[in-house]
Every structure is written in C-alpha cells, then in structure tokens.
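Asks: Let me see the structure of the following:
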Amino acid sequence: MQGSLPRLVVISAIAGASNAAILAAVNAGSQAAADGKSGVSAAALFIISLVLFIKTQQYVLIASTVEIETIIHKVRLRLMNHVRHSELIPLDGIGRSQILSAIIKETATLQQAASTFAFSSQGVVLVFFMGLYIAYLSLLAFVMSIAVIGMAAGVFLATSGRVAREQREAMEWETRLFDRLADLLEGFKEVRLNSARSDELFDDIVEVSRTAANIKIRAQSDTFRRLIFSQSSIYAMLGGVVFLVPLFNDSAGAAIQKVTTALLFVIGACWGVVQSVPVLLMANGAADNIERMEAELRGAAVAPDDATEPNTRFDTVEMRDVMFHYTDKTSDAAFKIGPLNFTLRRGELVFIMGGNGSGKSTFLKVLAGLYMADAGELLLDGVPIDDRNRESYRSLITAIFSDYHLFEQLYGIPAPDVTQLQRLLTEFRLHDKTTLSDRRFETLDLSSGQRKRLALIVSLLEKRPILLLDEWAAEQDPEYRGKFYHELLPELNRLGITIVVISHDDRYIDELDLPGRVVRMDEGRFIEQHSLENA
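Replies: Numbers count the residues shown, from 1 in each chain. Take a look at the predicted model:
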C-alpha cells in the first residue's frame, strides 16, 4: 500500500479541491478577459491546481487499487487457508462450485469494481467542493441543486434494496449454471454415451441460463430506469438554476454563467457516481457471498494440532467398535460401516476385498483419518486419535484413493531423492514419458494407468511408513498388474512399508506367498479374515 487510509482520504480531498480550483481559475480568467483585465493570477492558480490535480489523482487511483488488490489477496488466502484446514465431509457439504465461485468469481467482481470505486469516490469529493463553490456564487442555486439532487438520491436509494436482491438472486443462478457446466465437462463421456442424458442436461442448462438472464434483465431494467430518472433530475436541476433562479433573485444573473459551468462539472461527476452504483451493488453482493462462504469454511476448518514434528514410525493402528455413516447430498447415497474392530501392525501387508458398495473405500478413509468415526475409537499405539493429534496421525500415511489428484509439482517433498526417482521412473516404465525439472514434472499428459504409477512414485518419495491403495491396479494393463502383485508389493513389504490395498484381483492375491492377510467386507462389516499363506 502506498500510504495509510487517512492519508488517502486527505489526498482525495486535496484532489477534489484542486478540481474545484481549476474551475474557479477558469471562471476568474474568463471574467478578467471580459473586463479587459490581466488574468495572470488566474492562470497561475490554474497551473498550480492542474499540477496538484494530476499528482493527487494519480496517487488516489493507484493507492486505492493497491489497497483493494491487497484486500482481495488477503481474502483469497484466508479462504484457501480455511479450505486446506477443513475436514472432508463438511467441505463436501459446502460444495466445490460454491467454493470456487467465492474464490474466483466473487473476488473477480470485487477487482472489477476497484477502479469504479476509485472514480466514484473522486466524484463524491468533486461534488462536495463544487457545492461549496456554487454556494459561494449563489446560495439560492445551491439550495435548489441540493433539493433536486437529494430527491433524486432518495428515490434512487429507495429502490436499491430490490435491485440488490435481484442481483444476488442472479448470482445464485449463475452459480447453478457453473454447476451444470461442471456436469457437462466432468461428465463428458457419460453425456456422449447417452443422447437422452445429453438432451436433458442441455435443457436444464438452457433453463438455468434463461432464468439467470431474465433475473439480470429485470435488475438491469430497474437500474436503467433509475439511471434515467437520476439523469433527468440533474438536467431539471440545471434548467431550474438557469431559468428560475434569475426570476427570484435579480442579483444572481451575473453569477448564473459561472454557476452553470460549475453545474456542468457536477452533472458529469453525479452521472459517474450514479453509473457506478450497479457495479458497487454487485461488488457488495459479492462481498456478502464471500463473507457467508468464509463463515461456512470457518465452521468446517479444524485448528492444527499441537504436534511440532510429524510422526515417522508406529507400532499399531487400531479400530475399536468404529462406526461411521455419511449421506452424499448430491445423490442421497448412504455410506455406512461398522461396528469394525481392526488392528494394523507395522510392516503388515493387508488386502481389503469385497463387492462394490461393501464399504471398502469408506473404511480406508476412516483409517486415514479423513472421516471421523461416529462411534468407537481410532488409536495410534494405544492413544486415541482426536482433533488434538489427528494431523500428527495423518503424517504417517500416504494414500492413492480412487479419485486421487496428481499434482504437477512435488509439494511437501522439498528435497526428493533424484537417484531413487530415476530408478522408480525406469522401474514403472515412465522414464521416457516424463521427468522432473526443478521439482516439477514436465508433463502429466499420461494414460490413466501411467498417472497412477506416477502417483505411486510420488507417494514413495514421501517416505511415509503407511501406504494406502484403493484399487490401484484396476487401470493397469495385465502385464503391469502382475508386476504390481508379484514384484512391487513384495519389494515394498521387504522395505518395511505397511501397506493396505483395496483389490478385486482374487487370482493374483491367491498366488501370493507373503506374510500378510486378506480381510473381506460386506455391507460395511468384516465377514472373513485369513492369512495370505492360507489363501
């Protein structure tokens, strides 16, 4: 920020005063020329006022822009900080599109309003000083101007609430349109496979877009009517000063020309302020949406625990009578597991098997500490996991879930082992597909199977003692799927990594001769357990 807020206010006042001084100098010079006198003093005042106006105007516009951009920057960081400290379920409840809309769309609306706000503020200051100048020239003209502007402002503000509500409603419908666009892009394959789905989705898009457009048309129409009324009122004020003031005050005739010139300045400034109102109302609506989103994210966030360093080793992770249920708000699908009793020991290899919907993925997220149990306990070396130590517990775990995300950069791995990385890229047959440059992969344009291999490489570079894999081998070709079960898992097991794998590959697992066990799930419960040697 180039200066403090009080300094900005003071310099804004100086800018407005210099603007009024420019007009006063022009009027004084014109009067001197009409009287046949020298206008040197008026010219000097004009030059000084012009230089002062240029300098102060530059400062005000640049400083206000810096101030607003700084505020937006802090708001974005605050929102994203809440997101990264949020828990999974409440974050899903808020909705991805709502969060993106607040961080991207609403802050963009505030950015667009920055220059408008700066100019409208200047307009208000200019009108104030011009009012003082008009009062000096003709008190009657000043009173008439104040009466007309006050009436117009009153009518304008009286309808602002309705227009603001309509604009907020339009924003909500535009957010719904954002959801439909996400459906179209993220569900593109499903859309192309089903023409009826495609048609119905597009019909929904048309309806949402039409509703948003109609609401915006209604709001803009109301705004334009108010703008026209305000503009007409200002012109009526000008006409009243020119035609009526001389009738009531004979001595005002000599000042009318100067008053008229000043009013032309005021009209331009007032018109700019009036035109800025819709933009500022949208910015106000965006600020309200951001405030509501921040409140929701604050409720979803959990303060970091007191652990100063992450865990690097453990002996046991235990579930005691754990129960968990969750209803997906987008599909009304219920996920329920438990009661579950499960112990994971250091260095173990555990396969979780079962049909679709048996609760395997939900179990894995509870084990990872991403879902908190509704009942029962999750313990690390006998110590219950709660909000005070959950972050420390999670530092033991690296995971690749079915809906994993592959980052372009190695975030959280400040000094990757380059030798290990190159070995893994070669072993995973990715050395000719991508490479690492300045901790960033040159490309992620890979097949789904290759992306999962790269995700596993990243997980191994984290060097965490527990590795969770949700259907990792499902998208691998038969050759690499066999390599995963017969070579990679045994190697990781020999390295002492504790591995929990969700799998449907009974054939491969039956062929394994490793220390480990198979746990089967059905309807959210463990129904069978046996060692790999007995498979």
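Asks: Centroid-nearest residue for this structure?
Replies: Closest to where the C-alpha atoms of the chain average out (C-alpha atoms, centre = their mean) is residue 103, at 1.5 Å.
Asks: tell me which residues of the host helix or strand of residue 321 are tucked away?
Replies: Taking DSSP states H and E as the criterion, residue 321 maps to strand 316-327. Judged by neighbour count using 16 or more other C-beta atoms under 10 Å, the buried positions of strand 316-327 are 317-320, 322-324, 326. (Each C-beta comes from the backbone N, C-alpha and C, glycine too.)
Asks: Check stretch 78-85 too.
Replies: For stretch 78-85, by 16+ other C-beta under 10 Å, it's 79, 82-83, 85.
Asks: now do stretch 504-512
Replies: By neighbour count with 16+ other C-beta under 10 Å, stretch 504-512 contains the buried residues 505, 508-509, 512.
Asks: So what touches the strand holding residue 321?
Replies: Contact partners of strand 316-327, identified using C-beta atoms under 8 Å, 6 or more residues apart in numbering, comprise 89, 333-346, 362, 366-367, 371-382, 396, 466.
Asks: Using ChimeraX, make a named selection holding only the buried ones among those residues.
Replies: Buried members of the contacts of strand 316-327, defined by 16+ other C-beta under 10 Å, are picked up in ChimeraX with:
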select :335,337,338,339,340,342,344,362,366,367,371,372,373,376,378,379,380,396,466
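Asks: Can you flag which of the contacts of strand 316-327 belong to helices?
Replies: 89, 362, 366-367 (DSSP state H).
Asks: export those to a markdown table and tack on pLDDT and distance to residue 53?
Replies: Listed next are those as a markdown table, based on pLDDT from 0 to 100; distance: C-beta to C-beta, whole Å:
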| residue | pLDDT | distance to residue 53 |
| --- | --- | --- |
| 89 | 81 | 57 |
| 362 | 91 | 66 |
| 366 | 94 | 66 |
| 367 | 95 | 68 |
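Asks: Residue 272: which of those residues is nearest?
Replies: Each of those was checked against residue 272 using C-beta to C-beta; the closest is residue 89, at 48.4 Å.
Asks: shouldn't the closest one be in contact with residue 373?
Replies: No - taking contacts as C-beta atoms under 8 Å, residue 89 lies outside contact range of residue 373: 11.8 Å.
Asks: Domain ranges for this structure, per the record?
Replies: 5-300, 316-534 (automatic domain parsing).
Asks: how about TSV for those domains, with distance to residue 310 added?
Replies: Output for those, formatted as TSV (distance: least, C-beta to C-beta, whole Å):
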stretch	distance to residue 310
domain 5-300	16
domain 316-534	3
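Asks: rank the ones you listed by mean pLDDT and give me the bottom one.
Replies: Of all the domains of the chain, domain 5-300 carries the lowest average pLDDT, namely a mean of 77.
Asks: Please compute how far that domain lies from its chain's middle.
Replies: Relative to its parent chain, domain 5-300 has a centroid offset of 23 Å by C-alpha atoms, centre = their mean, to the nearest Å.
Asks: And the strands in the stretch 351-500 of the chain, which stretches?
Replies: Along the stretch 351-500 of the chain, the segments classed as strands by DSSP state E, counting those that start in this stretch run 375-380, 383-384, 397-400, 436-437, 440-441, 466-470, 498-502.
Asks: In the sheet, which strands lie alongside the first one, parallel or antiparallel?
Replies: Sheet partners assigned to strand 375-380 using DSSP bridges are listed as strand 316-327 (antiparallel), strand 383-384 (antiparallel).
Asks: about what we covered before: tell me which of the strands of the stretch 351-500 of the chain sits nearest to residue 124.
Replies: That would be strand 440-441 among those, by C-beta to C-beta, at 48.5 Å.
Asks: related to what we said a few turns ago, may I see the strands of the stretch 351-500 of the chain organised as JSON lines, with distance to residue 230 added?
Replies: Shown next, in JSON lines, are the strands of the stretch 351-500 of the chain (distance: least, C-beta to C-beta, whole Å):
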{"stretch": "strand 375-380", "distance to residue 230": "63"}
{"stretch": "strand 383-384", "distance to residue 230": "65"}
{"stretch": "strand 397-400", "distance to residue 230": "60"}
{"stretch": "strand 436-437", "distance to residue 230": "58"}
{"stretch": "strand 440-441", "distance to residue 230": "54"}
{"stretch": "strand 466-470", "distance to residue 230": "61"}
{"stretch": "strand 498-502", "distance to residue 230": "65"}
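Asks: For residue 123, find the nearest of those strands.
Replies: strand 440-441 (47.4 Å).
Asks: Off-centre distance for the closest one?
Replies: With C-alpha atoms, centre = their mean, you get 25 Å for strand 440-441.
Asks: Check the gap between the nearest residue to residue 476 once chain neighbours are set aside and residue 423 for me.
Replies: Distance criterion C-beta to C-beta, 6 or more residues apart in numbering; nearest residue to residue 476, sequence neighbours excluded, is residue 449 at 4.8 Å. Relative to residue 423, residue 449 is positioned 20 Å away (C-beta to C-beta, to the nearest Å).
Asks: Those two: which has the busier surroundings?
Replies: Neighbour totals were compared for residue 449 and residue 423, and residue 449 leads with 17 against 13 (other C-beta atoms under 10 Å).
Asks: For that one, list the residues it contacts.
Replies: When contacts are taken as C-beta under 8 Å, 6+ apart, residue 449 is in contact with 475-477, 480.
Asks: Now do the helices in the stretch 151-300 of the chain.
Replies: 160-186, 188-193, 195-243, 245-248, 253-300 (DSSP state H, counting those that start in this stretch).
Asks: Can you show me the CA trace of the strand holding residue 321 as PDB?
Replies: This file holds the C-alpha atoms of strand 316-327, laid out as PDB (Å, rounded to 0.1, in the frame of the first residue of the first chain):
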ATOM      1  CA  THR A 316      -0.100 -50.400  15.800                       C
ATOM      2  CA  VAL A 317      -3.100 -48.600  14.500                       C
ATOM      3  CA  GLU A 318      -6.300 -49.900  16.000                       C
ATOM      4  CA  MET A 319     -10.000 -49.500  15.400                       C
ATOM      5  CA  ARG A 320     -12.300 -50.400  18.300                       C
ATOM      6  CA  ASP A 321     -16.000 -50.700  17.600                       C
ATOM      7  CA  VAL A 322     -15.800 -48.000  15.000                       C
ATOM      8  CA  MET A 323     -19.000 -46.900  13.300                       C
ATOM      9  CA  PHE A 324     -19.400 -44.300  10.600                       C
ATOM     10  CA  HIS A 325     -22.200 -43.200   8.300                       C
ATOM     11  CA  TYR A 326     -22.500 -40.500   5.700                       C
ATOM     12  CA  THR A 327     -25.100 -39.400   3.200                       C
END
